[in-house]
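S.K.: Below are the sequence and a predicted model for it; my questions follow.
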Amino acid sequence: MDINDVRGLGSIFALIAFAGIFWWAYGSSRRKRFEDDAEIPFRDNDEMPAHDDNDRSK
């Protein structure tokens, strides 16, 4: 086994890992969760005070 065999096995492993991550990310069973998570920045946050540009006490 020489370095080219190791490189070939590494490439195959990387391809399998990529396909697994792709399947996990785009699986239909996770779509609802990811859509909900994508809306988090656009939700109103009542816990944080509103930013006041006229507040110079800092």
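M.R.: Sure, I can see it. What you are looking at is a predicted structure, and each value in this text was computed from that prediction instead of being measured. Numbering: from 1, shown residues only.
S.K.: Low-confidence ranges, the chain, go.
M.R.: 45-58 (pLDDT under 70).
S.K.: So Gly27 versus Arg33, what's the distance?
M.R.: 10 Å (CB to CB, to the nearest Å). C-betas here are computed from N, CA, C, even on glycine.
S.K.: nearest spatial neighbour of the most centrally placed residue in the chain, skipping sequence neighbours?
M.R.: Nearest to the mean C-alpha position of the chain, by CA atoms, centre = their mean, lies Ala25 at 8.4 Å. Excluding the flanking residues, the one nearest Ala25 by CB to CB, 6 or more residues apart in numbering is Phe34, at 7.9 Å.
S.K.: what about the one you found, neighbour count?
M.R.: Number of residues near Phe34 (other CB atoms under 10 Å) recorded here: 11.
S.K.: Number the residues from 42 up from this point.
M.R.: Sure, I'll start numbering at 42, so the last one becomes Phe75.
S.K.: so which helix or strand takes in it?
M.R.: With secondary structure defined by DSSP states H and E, Phe75 is part of helix 72-79.
S.K.: With just CA atoms, put that helix into CSV.
M.R.: C-alpha atoms of helix 72-79 as CSV (Å, rounded to 0.1, in the frame of the first residue of the first chain):
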residue,chain,number,x,y,z
ARG,A,72,-37.2,20.3,7.3
LYS,A,73,-39.7,21.7,9.9
ARG,A,74,-37.1,22.1,12.6
PHE,A,75,-34.7,23.9,10.2
GLU,A,76,-37.5,26.2,8.9
ASP,A,77,-38.4,27.1,12.5
ASP,A,78,-34.7,27.8,13.3
ALA,A,79,-34.3,29.9,10.2
